[in-house]
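**Student:** coordinates only, no sequence provided:
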């Protein structure tokens, strides 16, 4: 813990360098369900071509973070 403002640094680089050998593996994953909204939703002309889904399609997005 720094004792004064002069001892504090705005960078986490020294802390990361010091603690990196202790990190074995970090893994994070998140999956989000999102509804895509079409700009043509509710328009009968486009719904005849798009199958009348009203522009609402459910998609799953996945985000993973793995150390290099």
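**Tutor:** Yep, that arrived. Because the structure is a prediction, the values reported are computed rather than measured.

**Student:** strands along the chain, start to end?
**Tutor:** Secondary structure of the chain (DSSP state E): strands located at 28-37, 56-65.

**Student:** going by mean pLDDT, which of those comes out lowest?
**Tutor:** Mean pLDDT values for the strands of the chain show the minimum at strand 56-65, a mean of 59.

**Student:** could you count how many residues lie near residue 47?
**Tutor:** Burial of residue 47 is recorded as 16 neighbouring residues (other CB atoms under 10 Å). (Glycine included, C-beta is placed from N, CA and C.)

**Student:** over to residue 41?
**Tutor:** Neighbour number of residue 41 under other CB under 10 Å is 14.

**Student:** any idea how far it lies from residue 50?
**Tutor:** Remark: distance between residue 41 and residue 50 (CB to CB, to the nearest Å) = 9 Å.

**Student:** by mean pLDDT, flag the weakest helix or strand of the protein.
**Tutor:** Least confident helix or strand, the chain: strand 56-65 with a mean of 59, by mean pLDDT, DSSP states H and E.

**Student:** residues in contact with residue 16?
**Tutor:** Residue 16 makes contact with no residue, according to CB atoms under 8 Å, 6 or more residues apart in numbering.

**Student:** same check on residue 24?
**Tutor:** Residue 24 neighbours (CB under 8 Å, 6+ apart): none.

**Student:** quick one: low-confidence residue ranges for the chain.
**Tutor:** 1-9, 23, 26, 33-36, 52-68 (pLDDT under 70).

**Student:** 50 instead, please
**Tutor:** 54-56 (pLDDT under 50).
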